[in-house]
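Asks: Have a look; sequence and predicted model below, questions after that.
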Amino acid sequence: MKRPTQADVAKLAGVSRATVSYVVNQTAGVPISPDTRARVLNAIERLNYAPDIRARSLRTGGSNTVGLLIPDLHNPHYWSIVQGVEDALRSEGLDLLLTSTSLDPNREEKALQTLSGRRVDALILTLSFPEQSKTTLTQLAANGYPVVTLGNSAFNVDAVIATYRNATAQVMDHLLGLGHTRIGFIFGVGSKELATNRMSIYQSSLAAANIRVDPELIDYSGVRIEDGYQAALRLLNRSPRPTALLVINDWLAIGALRAVDEIGLHVPGDISIASFDDTEMAAFLHPPLTSVRSNGHEMGHQAASLALERIRQPNRPIRRVQIEADLVLRQSTGPAPASQ
């Protein structure tokens, strides 16, 4: 089906094409009566018209490029987000400029300043240290720069947020229902400001089951596979050891699986492992990993869609999109061993 044009909108609304352009671009200083504006907007809605971003970029000197900042090039969860962003941009003929902060707070701030200074039409940001970037991001928002944040809604910009509360409660209910009372938590995040909702649900689920929250079973590890491996070794050397491990992401869970195998235990017979993100590899690990799906591709796609909307309609209200995480059960979780 042929994509509707401004000429189609003008014909349906009974106005000139220039008038449609003034309404779409919210051109200042051009008198448009409320009745004319209403007719144009109604025609836009009826035709499902969307301005062509490529044409707009030519008119305004834009770059046809959107900048994307991610924290870590190694973690496959972020690659799912990248793919979602790229798919949405490609469908509109736009390019992607990607940069990573390597989970370094100073590099994150510098990368944000560098990206915002580049000739890009919008920014999509996954921030690990939002407080560090607060001044720059606040200034960008105040200047009307098209910005979308992923996982953080603390700023006055468009945002996409994965909501983990229900799915975290489900994975804890799953482990508790299997008889696990000593559940370790490998909490490897770039900044302790992140993933606090998952930590609070972990703690409240234990309390609701009349199980004391044992600080010795929470390991604030680093963010690499090696860190997941070392954290699992530390937890498994506790006495008595945990019978289940909850891991903050699939990336660290790979290290935990290696640690369990190395000390001669079996998953899930001796210890259950559950994780977050449900990246593509989770289903292909041995055993396949029980994981909370955060829908990274959908997050990226939604973030790109918000960025494109903001480019087309710079003065529209701030939008926040929530994506509900869901639990995927696989063979890495099973009943607690009887000898616990």
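Replies: It's in.

Asks: Let me see the contact set for the residue lying closest to residue 279 once chain neighbours are set aside.
Replies: Among residues not flanking residue 279 along the chain, residue 76 sits closest, at 4.3 Å (CB to CB, 6 or more residues apart in numbering). Bear in mind the C-beta positions are built from the backbone N, C-alpha and C, glycine included. By CB atoms under 8 Å, 6 or more residues apart in numbering, the residues touching residue 76 are 250, 251, 277, 279, 280, 281.

Asks: let's see it at 7 Å
Replies: The contact partners of residue 76, taken as CB atoms under 7 Å, 6 or more residues apart in numbering, are 251, 279, 280, 281.

Asks: Restricted to buried residues, select the residues you listed in PyMOL.
Replies: Selection of buried members from the contacts of residue 76 for PyMOL, criterion 16 or more other CB atoms under 10 Å:
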select buried, resi 251+279+281
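
Asks: so which two of the contacts of residue 76 are the farthest from each other?
Replies: Using CB to CB, the two most remote members of the contacts of residue 76 are 251 and 280, lying 12.2 Å apart.

Asks: Could you pull out the helices in the stretch 151-300 of the chain for me?
Replies: Counting by DSSP state H, counting those that start in this stretch, the stretch 151-300 of the chain has helices at residues 165-177, 196-208, 225-236, 250-262, 296-312.

Asks: Among these, which comes closest to residue 80?
Replies: Nearest to residue 80 among the helices of the stretch 151-300 of the chain is helix 296-312; the distance by CB to CB comes to 3.0 Å.

Asks: How far off centre is that closest one?
Replies: Centroid displacement of helix 296-312 relative to its chain, using CA atoms, centre = their mean, to the nearest Å, is 11 Å.

Asks: how close does the residue nearest to residue 279 sit to residue 283?
Replies: Going from residue 76 to residue 283 by CB to CB, to the nearest Å gives 12 Å.

Asks: Quick one: the helices of the stretch 151-300 of the chain as CSV, columns for mean pLDDT too.
Replies: Formatted as CSV, the helices of the stretch 151-300 of the chain follow (pLDDT from 0 to 100):
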stretch, mean pLDDT
helix 165-177, 97
helix 196-208, 95
helix 225-236, 97
helix 250-262, 97
helix 296-312, 94
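
Asks: I'd like those laid out as CSV, including distance to residue 23.
Replies: Shown next, in CSV, are the helices of the stretch 151-300 of the chain (distance: least, CB to CB, whole Å):
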stretch, distance to residue 23
helix 165-177, 41
helix 196-208, 42
helix 225-236, 53
helix 250-262, 47
helix 296-312, 12
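
Asks: Out of these, which is closest to residue 16?
Replies: In terms of CB to CB, the element of these nearest to residue 16 is helix 296-312, at 20.4 Å.

Asks: List the buried residues of that closest one.
Replies: 296-312.

Asks: Low-confidence stretches in the stretch 51-200 of the chain?
Replies: Along the stretch 51-200 of the chain, the model assigns pLDDT under 70 to residues 51-62, 192-193.

Asks: Now for residue 5: which residues touch it?
Replies: Taking CB under 7 Å, 6+ apart, one finds nothing in contact with residue 5.

Asks: Identify each buried residue in stretch 111-120, please.
Replies: 111, 112, 115, 116, 120.

Asks: Wait, the first one touches residue 101, no?
Replies: So that's residue 111. Yes: with contacts counted by CB atoms under 7 Å, residue 111 reaches residue 101, the gap being 5.4 Å.

Asks: any shared contact partners between those two?
Replies: Shared contacts of residue 111 and residue 101, defined by CB under 7 Å, 6+ apart, are found at residue 69.

Asks: Can you give me the separation between the closest residue to residue 94 other than its chain neighbours and residue 114?
Replies: Nearest-residue entry for residue 94: residue 64, 5.2 Å, with adjacent residues in sequence omitted and distances by CB to CB, 6+ apart. Note on residue 64: its distance to residue 114, by CB to CB, is 19 Å.

Asks: Same question for residue 320.
Replies: Counting by CB to CB, the separation of residue 320 from residue 114 is 27 Å.

Asks: Next: residue 76.
Replies: According to CB to CB, residue 76 stands 25 Å off from residue 114.
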